[in-house]
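**Student:** only the shape, not the letters, is given here:
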């Protein structure tokens, strides 16, 4: 069966129609997300399909990422997961073969795909047949919102999460949500604080502005404050019946107030009121036990994410650890403006 490339799915109504029909479609497939990637980082989205057209019956969406030292194909940059919207195993094999072939014969250094476990054994078989190998493993957490709110709260960890929520309520912590410039400024300041603690620069402010512009009412900024001072904030994305937590930040000096657990509790209540049935808490590195524990203390269920890559990544672990420690020490002490500049310069090449 012939395989073809459809350029610019952002403007192609047949791509949006496929997302409406396919149960595995997520916000990361959406034209708004793809448009924000293009506007912020210059990535070029396209779809590989076996559909003869003009209607798309299947497709894998990919971005061309041109970095300082390499040119890569990624499905998709800065996306926790991105399932192939392909139901037939033969169609999937043809599509993956084309992508792997691009990395072998064209000027692209590698190809990476980020399916969820729901892609199943058919994806693994097709990927391995094309030379795609597991290239990273992560934890993915989700909260089932179909239970009563009281039952969801009961599943929270009693001492760390339930107690923190009650502490925040006693302390008069307030909740606000929207996409105003004021809320975005509060969110970004807290995100910067958090990234600095981890020795990392924040993503460019333009990225979040573009998310708000391109995704419209599918993006929401949530802020917890005390006496008018923001203490914790998260950014969520929505698509169909799923709400996805994507970014967050907090003031560590005020963690005792329980702002972040309180914020997630309010987000869960709001999500239920809006009809969502699942809260996707996103991916966590397996070597981030604190983050994994925080999500599981919210009553989330864990599954594993396996990314696939061709060619297999070769990593010098000792050199990588040394560079990471050195970067952490430098970035943690940069002025805000310099740290923000580092993010604007670096993230385009890291997708």
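**Tutor:** Received the coordinates, thanks. Everything numeric here is computed off the predicted structure, so don't read it as measured data.

**Student:** contacting residues for residue 11?
**Tutor:** residue 31 (C-beta atoms under 8 Å, 6 or more residues apart in numbering). To be clear about C-beta, it is placed using only N, CA and C from the backbone, and glycine gets the same treatment.

**Student:** and the helices in the stretch 251-351 of the chain?
**Tutor:** 259-273, 289-297, 317-331, 336-346 (DSSP state H, counting those that start in this stretch).

**Student:** next one: the last one to chain centre, how far?
**Tutor:** Right, the one you point to is helix 336-346. On the basis of C-alpha atoms, centre = their mean, to the nearest Å, helix 336-346 sits 21 Å off its chain's mean C-alpha point.

**Student:** check stretch 213-224 too.
**Tutor:** 14 Å.

**Student:** pull out the buried residues from it.
**Tutor:** In terms of neighbour count (16 or more other C-beta atoms under 10 Å), stretch 213-224 has its buried residues at 214-215, 218-224.

**Student:** which strands and helices lie in contact with the host helix or strand of residue 121?
**Tutor:** Residue 121 belongs to helix 120-129 when assigned by DSSP states H and E. On a contact count with 3 or more C-beta pairs under 8 Å, 6 or more residues apart in numbering; DSSP states H and E, helix 120-129 meets helix 89-105.

**Student:** tell me the buried residues in the helix it packs on?
**Tutor:** Quick answer for helix 89-105 (16+ other C-beta under 10 Å): 91-103.

**Student:** burial count for the residue lying closest to residue 26 once chain neighbours are set aside?
**Tutor:** Of all residues not flanking residue 26 in the chain, residue 239 sits nearest, at 5.7 Å (C-beta to C-beta, 6 or more residues apart in numbering). For residue 239, the neighbour count with other C-beta atoms under 10 Å is 20.

**Student:** how close does residue 239 sit to residue 283?
**Tutor:** 17 Å (C-beta to C-beta, to the nearest Å).

**Student:** again with residue 66
**Tutor:** Taken as C-beta to C-beta, the span from residue 66 to residue 283 is 24 Å.

**Student:** of the two, which one has the most company?
**Tutor:** Just comparing residue 66 and residue 283: by other C-beta under 10 Å the higher neighbour count belongs to residue 283, 22 against 15.

**Student:** residue contacts, the residue nearest to residue 71 when sequence neighbours are not counted?
**Tutor:** Of all residues not flanking residue 71 in the chain, residue 108 sits nearest, at 5.2 Å (C-beta to C-beta, 6+ apart). Residues in contact with residue 108, defined by C-beta under 8 Å, 6+ apart, are 64, 71-73, 102.

**Student:** what do you get for residue 226?
**Tutor:** Applying C-beta under 8 Å, 6+ apart, the residues contacting residue 226 are 171-174, 254, 257, 259.

**Student:** repeat the analysis, applying 7 Å as the threshold.
**Tutor:** Contact analysis of residue 226 by C-beta atoms under 7 Å, 6 or more residues apart in numbering lists 171-173, 257.

**Student:** which members of those are classed as buried?
**Tutor:** Buried among the contacts of residue 226 by 16+ other C-beta under 10 Å: 171, 173, 257.

**Student:** coming back round to it: closest to residue 34 among the contacts of residue 226?
**Tutor:** Closest approach to residue 34 among the contacts of residue 226 (C-beta to C-beta): residue 173, at 36.0 Å.

**Student:** right, and the closest one touches residue 262 too?
**Tutor:** Yes. Between residue 173 and residue 262 there is a contact under C-beta atoms under 7 Å: 5.4 Å.

**Student:** residues that sit against both of these two, list them.
**Tutor:** residue 224.

**Student:** would you mind splitting the protein into its domains for me?
**Tutor:** Following automatic domain parsing, the chain resolves into domains at 4-131, 141-306.

**Student:** and the first one, end to end?
**Tutor:** One end of domain 4-131 to the other measures 20 Å (C-alpha to C-alpha, to the nearest Å).

**Student:** gap between it and the chain center?
**Tutor:** The answer for domain 4-131 is 16 Å, by C-alpha atoms, centre = their mean.

**Student:** now do that domain, average pLDDT.
**Tutor:** Averaged across domain 4-131, pLDDT comes to 92.

**Student:** try the longest one
**Tutor:** In this model, domain 141-306 has a mean pLDDT of 97.

**Student:** picking that back up, and residue 202, which of the helices of the stretch 251-351 of the chain is closest to it?
**Tutor:** It's helix 336-346; of these, that one is closest to residue 202 (C-beta to C-beta) at 5.0 Å.

**Student:** and the residue nearest to residue 71, what element?
**Tutor:** With DSSP H and E as the criterion, residue 108 is inside neither a helix nor a strand.
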